[in-house]
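> just a sequence and a predicted model for now, questions to come.
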Amino acid sequence: MAEVVVAERREHVGIARLNRPDARNALSIEVMEMLCELVEAWDRDPEVRAIVVAGSDEYFAAGADIKAMRERSFQEALVNPMTSYWPRLASVSTPMIAAVSGYALGGGCELALTCDMIVASETAEFGQPEIMLGIIPGGGGTQRLARVIGKQRAMELVLTGRRIDAQEAFRMGIVNRVAKKKEWLDAAVELADVIARRPPLAVRFGKQAVLAADETPLKAGLDNERRLYELSMGTEDRLEGMSAFIEKRRPDFKGR
Ligand code: DAK
């Protein structure tokens, strides 16, 4: 039987493709567990410098598995492993790019938002339709959406369940780039590849510093940035980067 998450490598970029076509890539426990394990393994591998999370041409992910959720008791919901998956993905240090073609709904939209950037196909549709099922987003949607697009707009999407297309998502700042229908995955890998060519330690520091902007008051965020900047000054790669600039040649970063 085909794996529900398929791993692919293109040089220093790891590509995780959700593969549950019969259920529109619904995020079952099996899918989320496999995705987390794969991404965490890549996060420990210095050869992987950027990660792309993708679905198929037609759907990124239609959300958590409604059929499994329907059977879950209130007590089971309290101790469900689902609660751990989004925080696990959010604590990955390697930059993650969601490559979204087709539907990214509910937990699928939250999965994309948990990544650091989103490249969307012109066919992409985002939405938090949980309200139609009698629940609210549980994978961080209310918080991450509100931080990205502001309270009023997040409120509308969460309370109405309205879906938005790639262009509207781009205007709202959810999406970094909108790519043509057949180019969405290559466009995401291209962006990941640019990051993979940058000095890996500085990339991790940069990710950590930007993420802190959502989580800390300005003063603490600036202090954190200062410490990470100082750490970057201690790396061999910064000597290489600065020397290469002065010597007018390409830098050769080693991740040290
Ligand atoms: N779960 C399970 N099966 C799904 C599914 C889903 N989310 N989405 C689609 N499927 C299944 C359908 O039931 C159907 O199965 P069969 O009838 O063939 O057995 C098959 O996939 C094809 O679906 P459709 O016939 O509906 O396909 P269409 O192309 O016509 O429509 C659609 C595609 C994506 C627009 C539609 O399927 C749809 O609206 N799907 C549901 C979208 C949705 O409501 N998503 C939100 C789910 S709730 C948490 C973290 C996260 C969450 C909760 C907690 N914690 C950390 C605690 C997240 C919750 C959610 O995402």
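It's in.
> show me what contacts the closest residue to V119 other than its chain neighbours?
Ranked by CB to CB, 6 or more residues apart in numbering and with sequence neighbours excluded, the top spatial neighbour of V119 is A188, at 3.9 Å. C-betas here are computed from N, CA, C, even on glycine. Contacts for A188 (CB atoms under 8 Å, 6 or more residues apart in numbering) come out as 52, 54, 97-99, 119, 179.
> give me that answer again for 10 Å
A188 makes contact with 13, 15, 50, 52-54, 97-101, 115, 117-121, 176-177, 179, according to CB atoms under 10 Å, 6 or more residues apart in numbering.
> please apply the same query to K207.
92-96, 116, 195, 228.
> where do the helices sit along the chain?
29-44, 66-71, 74-78, 82-90, 107-114, 141-149, 151-160, 166-172, 184-196, 200-215, 218-233, 236-246 (DSSP state H).
> let's see which of the contacts of K207 end up in strands.
M96 (DSSP state E).
> rebuild the contacts of K207 as a markdown table, extending it with pLDDT.
Below are the contacts of K207 laid out as a markdown table (pLDDT from 0 to 100):
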| residue | pLDDT |
| --- | --- |
| V92 | 98 |
| S93 | 98 |
| T94 | 98 |
| P95 | 98 |
| M96 | 98 |
| D116 | 98 |
| I195 | 98 |
| L228 | 98 |
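> ok, and which of the contacts of K207 reach the ligand?
By CB under 6 Å from any ligand atom, no member of the contacts of K207 lies near the ligand.
> just flag the most distant two among the contacts of K207.
The largest separation in the contacts of K207, counting by CB to CB, is between M96 and L228 at 18.6 Å.
> of these two, give the one with the bigger neighbour count.
Taking neighbours as other CB atoms under 10 Å, M96 and L228 compare with M96 leading, 26 against 19.
> for the more buried one, which non-adjacent residue is closest in space?
Using CB to CB, 6+ apart, the closest residue to M96 is C115 (4.2 Å).
> ok, L228 next?
Using CB to CB, 6+ apart, the closest residue to L228 is F205 (4.1 Å).
> and the pLDDT at that neighbour?
Looking at F205, its pLDDT stands at 98.
> which residues touch it?
Counted by CB under 10 Å, 6+ apart, F205 has contacts 93, 199, 224-225, 227-232, 235.
> ditto for G234
Neighbour list for G234: L201 [criterion: CB under 10 Å, 6+ apart].
> ok, now which ones touch the spatially most central residue of the chain?
Closest residue to the average C-alpha location of the chain: C115 at 1.4 Å, with CA atoms, centre = their mean. Contacts for C115 (CB under 10 Å, 6+ apart) come out as 39, 51-53, 89-90, 92, 95-100, 188.
> 7 Å instead?
53, 96-98 (CB atoms under 7 Å, 6 or more residues apart in numbering).
> could you do L145 as well?
Residues near L145 by CB under 7 Å, 6+ apart: 113, 154, 157.
> how near is K151 to I135?
20 Å (CB to CB, to the nearest Å).
> cool, and Y59?
When distance is defined by CB to CB, Y59 is 21 Å away from I135.
> ok, P95 next?
Look at P95 and I135: by CB to CB, they are 31 Å apart.
> who in the stretch 51-200 of the chain is up against the ligand?
62-67, 82-83, 86, 103, 105-107, 110, 129-130, 133, 138-139.
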